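> Turn this into a model:
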Amino acid sequence: MNRVRSSRRLEKECELNVEMKWLIGNLVPNYHSIADFRKVYGEQFRAVFKMFILFLKGEDLLGMKTVGIDGSKFRAVNSKKNNYNEKKIKKHLEYIKNKANEYMEELDRMDEEEKNTKERLIRKQDLKKKLKELKERKLNYEELRKQVQRSKDGQVSVTVQPEE
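Numbers count the residues shown, from 1 in each chain. Now for the predicted structure:
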């Protein structure tokens, strides 16, 4: 009723909660005893809960419209950076376009300069490599844009499966 599940918190409830004190006759079990009891009689607990649910269904007291989730923890595989919509894709494509223009201007400026040192050649190769990477990223975003347009809710999530 009070959403207390841990053995230590159940021990505290036995000390503080008036209804609980009445129910257990002013006894205060140790948290370790509570934990051991749940371990030993786990199957019986499940059977009692199952019977209780069947009883509630039989009395038509369950609406069966709400889903309860236990305390299990699951690893999420998505984040904001892996979720794309039209606005976000447009922003990324604009960034790529601006960066490509900057690189092209720098290449043009380097071509105009008369001296052709080894350092400039390395910088040119680096800029060409970056331009190629930007082109690949642009193709990736264009594909994501197509997926977003095909999706019903106007967004798409790209998840990377965790390694096991």
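> Give me the buried positions along the lengthiest helix in the chain.
If you go by DSSP state H, the chain has its longest helix at helix 118-150. Neighbour-count burial for helix 118-150, counted by 16 or more other Cβ atoms under 10 Å, picks out 127, 134, 141, 144-145, 148. Heads up, the C-betas are built off the backbone N, CA and C, glycines and all.
> quick one: average confidence on that helix?
Average pLDDT, helix 118-150: 87.
> Repeat that for stretch 13-30.
Stretch 13-30 comes out at a mean pLDDT of 87.
> returning to that earlier point: tell me which helix or strand comes right after the longest helix of the chain.
Next helix or strand after helix 118-150 toward the C-terminus (DSSP states H and E): strand 155-157.
> Does anything pack onto that next one? Which helices or strands?
Contacts defined by 3 or more Cβ pairs under 8 Å, 6 or more residues apart in numbering; DSSP states H and E place strand 155-157 against strand 83-85, helix 118-150.
> Among the ones you listed, which comes closest to N17?
Distance to N17, taken as Cβ to Cβ, is lowest for strand 83-85 among these, at 43.5 Å.
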